[in-house]
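> below are the sequence and a predicted model for it; my questions follow.
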Amino acid sequence: MSASFSHKLPGEHVYDGSLFFGFSPPDTLDAVKDFEVRDDDIFIVTYPKAGTTWMQELVWLVMNDGNIEAAKQKPVYFRSAFLEFKDEILNEIGIELANPMPSPRVLKSHLQVKWMPRQIHQKNCKIVVMFRNPKDLCVSYYHFYKSSSSLGNFTGDWPEFLRMFLCGHVDHGSWFDFTRRGGNMRNNYNVKIVFFEFFLRSLSKPPPKYIGFAFLNKSLSLDVVDRITRHCSFESMRRNPMTNHDDVYSINADISPLLRKGTVGDWKNYFTVNQNEDFDRIYQERLGDIDIPFVYQL
């Protein structure tokens, strides 16, 4: 983070060498480490804009036997707590929401594993790590930065944001650091690595195989799986007020909705040839030794 950038996050601070916005304050990040984990907890762990809301809704429905009526009664961010988030205006304080939730809890985090609850290494919880190709992710994050007052309504241009992203000067820190630590967990017995692109493709092909019910210790009828699949289509999620965050004061959907496109390959509309070559070079320098099968077009 040695480079200098003009954009400032509301309440920004540096925690253990990484940048965070004010909605993940230091005391909350400290408290997450001491969070009491249950054996049947399921953690959805992603870098921002990797398809987090999508995976939260899917896993919550799988663990609740496809109870779509219940899902329609409460926003996903109140059914699946964002552990390190603290928004007193929205009354969304992740740890306080998570503690009284009935089991099995589906919990969300954008944290690198080193900042996650210490007990994840001691309990039999499940961890779903969702990856998305970093070029599409970066474009999506750029639009979210522009639309979100929580992130300071970024007014810079795409080249500036790309530089910020490559330097790790964005909320929750470096994508490269997150991905290395997440990728290194892939052989852990309680970790399932999934990819946004595979998820997108699987939802359109019956029978869907987007997560692996055996990993979640769930057995659902084909009828329930079909209803979950239709409910979790991107268009359905985008229209659904319980998942599209239209009620969240900090997101200006006129600039960019939370669920924007849900496609693969949009990065080609933003990256110049030189930017793409620079990105690939930095990727090889930072992560070239880890075999992660990212998909950049379908």
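Good, I have the coordinates. Numbering: from 1, shown residues only.
> which strands or helices does the helix or strand where Thr28 lies pack on?
Using DSSP states H and E, Thr28 sits in helix 26-33. When contacts are defined as 3 or more C-beta pairs under 8 Å, 6 or more residues apart in numbering; DSSP states H and E, helix 26-33 packs onto strand 13-15, helix 94-98. Every residue, glycine included, has its C-beta placed from N, CA and C.
> and that helix, average pLDDT?
For helix 26-33, mean pLDDT rounds to 98.
> name the residues that touch that helix?
13, 15, 20, 83-86, 94-95, 109, 111, 115-118 (C-beta atoms under 8 Å, 6 or more residues apart in numbering).
> picking that back up, winner for burial among the helices and strands packed on helix 26-33?
helix 94-98 (a mean of 20; mean count of other C-beta atoms under 10 Å).
> next structured bit after it?
strand 106-109.
> give me the residues contacting that next one.
By C-beta under 8 Å, 6+ apart, strand 106-109 touches 32, 41-46, 52, 56, 59-60, 63, 79-84, 94, 98, 116.
> just stretch 79-96 next, same as before
23-25, 28-29, 31-32, 35, 44, 56-57, 59-60, 71, 77-78, 97-98, 101, 105-111, 115, 117, 150, 248-250.
> related to what we said a few turns ago, widest-spaced pair of the contacts of helix 26-33?
His13 and Arg118 (21.7 Å; C-beta to C-beta).
> ok, back up a step: make a PyMOL selection of the buried ones in the contacts of stretch 79-96.
Selecting only the buried entries of the contacts of stretch 79-96 in PyMOL, with 16 or more other C-beta atoms under 10 Å as the criterion:
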select buried, resi 23+24+25+28+29+31+32+35+44+56+57+59+60+71+77+97+98+101+105+106+107+108+109+110+111+115+117+150+248+250
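> please enumerate the helices of this structure.
26-33, 52-63, 68-71, 76-79, 94-98, 134-147, 158-167, 175-183, 196-202, 222-231, 234-239, 273-287 (DSSP state H).
> lowest mean pLDDT across those helices, which one is that?
helix 234-239 (a mean of 79).
> and that helix, what does it pack onto?
helix 52-63.
> what packs against the helix it packs on?
Right, helix 52-63 is packed against strand 42-46, helix 68-71, helix 76-79, strand 106-109, strand 126-131, helix 196-202, helix 222-231, helix 234-239 by 3+ C-beta pairs under 8 Å, 6+ apart.
> make it 7 Å
strand 42-46, helix 68-71, helix 76-79, strand 106-109, strand 126-131, helix 222-231 (3 or more C-beta pairs under 7 Å, 6 or more residues apart in numbering; DSSP states H and E).
> let me see the contact set for Met63.
Met63 is in contact with 42, 104, 106, 216, 218, counting by C-beta atoms under 7 Å, 6 or more residues apart in numbering.
> return the closest of these with respect to Ser6.
For those, the nearest to Ser6 is Val106 (37.8 Å; C-beta to C-beta).
> so that closest one bridges to which residues?
Ile42 (DSSP bridges).
> distance check, it against Phe5.
35 Å (C-beta to C-beta, to the nearest Å).
> what's the answer for Asp136, then?
22 Å.
> neighbour count winner among these two?
In this view Asp136 and Phe5 are compared by other C-beta atoms under 10 Å, and Asp136 has more residues nearby, 27 against 15.
> I'd say that one and Asn269 touch.
No. Applying C-beta atoms under 7 Å as the test, Asp136 and Asn269 come out as separate, 10.3 Å apart.
> which residues touch the nearest residue to Val264 once chain neighbours are set aside?
Closest residue to Val264 apart from its sequence neighbours, by C-beta to C-beta, 6 or more residues apart in numbering: Leu298 at 4.8 Å. Contact analysis of Leu298 by C-beta under 7 Å, 6+ apart lists 197, 201, 264.
> 8 Å - rerun?
197, 200-201, 264-265.
> and if you look at Ala50?
With C-beta under 8 Å, 6+ apart, Ala50 has these contacts: 130-132, 137, 196.
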